[in-house]
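1. need a structure here:
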Amino acid sequence: DSPEIKEEVLKKDERFLTLLKDVYVESRDPPGQVRDGGGGHLPRKQEEKRLTKLGHLEALDVKKVPKGKISLVEALTLLNNHKLQPQIWTPEKIAAEYSLELKEVNSLLEFFIPFAVQEFPKDTKKAITSHKPKQLT
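-> Presented below is the predicted three-dimensional model:
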């Protein structure tokens, strides 16, 4: 906000301007490689894909995923299968079935647990007994 600082900032320094005028930049492209006329993009490594294992939920999800990955519906399916039948759906079987690494499957099974929805019959609802609220003093 000081006028002296504003004046110093806006003032041109002639010595620096003359030095800047002496600077000359020359740029050269490296020698180009011979192209085969296509001039297109370089070929990319093809990502290996696998078909998803969705069964009756096929319309809800993608059809192909890269190996080493799973779709959301597949993740929910394998978590539920493991929860319901852990002796059949072992981490080793899941890794083989879905082309995953065993340590990733173990982490998935350890940190992601599907919810269990339970409905209570309407006739067994119990009334909540209310207590008299305490007064703060």
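
2. Quick one: name whatever helix or strand follows the helix or strand bottoming out on mean pLDDT in the chain.
-> Least confident helix or strand of the chain, by mean pLDDT, DSSP states H and E, is strand 49-51 with a mean of 59. Remark: after strand 49-51, the chain's next helix or strand is strand 64-66, criterion DSSP states H and E.

3. That following strand pairs with which strands, and in what direction?
-> strand 49-51 (antiparallel) (DSSP bridges).

4. longest helix in the protein, by residue count?
-> Longest helix of the chain, by residue count under DSSP state H: helix 72-84.

5. so what does the next helix or strand after that one touch, helix or strand wise?
-> Counting by DSSP H and E, the element after helix 72-84 in chain order, helix or strand, is helix 91-98. Contacts defined by 3 or more CB pairs under 8 Å, 6 or more residues apart in numbering; DSSP states H and E place helix 91-98 against helix 72-84, helix 102-111. Yep, even glycine has a C-beta here, placed from its N, CA and C like the rest.

6. Give me the residues contacting the shortest one.
-> Same thing as helix 102-111. For helix 102-111, contacts defined as CB atoms under 8 Å, 6 or more residues apart in numbering pick out 75, 78, 79, 82, 91, 92, 94, 95, 98.

7. Buried members of the residues you listed into PyMOL, please.
-> A single PyMOL command selects the buried members of the contacts of helix 102-111 (16 or more other CB atoms under 10 Å):
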select buried, resi 78+79+82+91+94+95+98
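
8. Need the nearest residue in space to residue 65, chain neighbours excluded.
-> residue 71 (5.3 Å; CB to CB, 6 or more residues apart in numbering).

9. pLDDT score assigned to residue 29?
-> Note on residue 29: pLDDT of 79.

10. Run through the protein and note the low-pLDDT ranges.
-> 32-62, 123-137 (pLDDT under 70).

11. how about 80 then?
-> 1, 29-65, 115-137 (pLDDT under 80).

12. Could you check how far residue 68 is from residue 2?
-> As judged by CB to CB, to the nearest Å, residue 68 and residue 2 stand 62 Å apart.

13. Same check on residue 95?
-> 69 Å.
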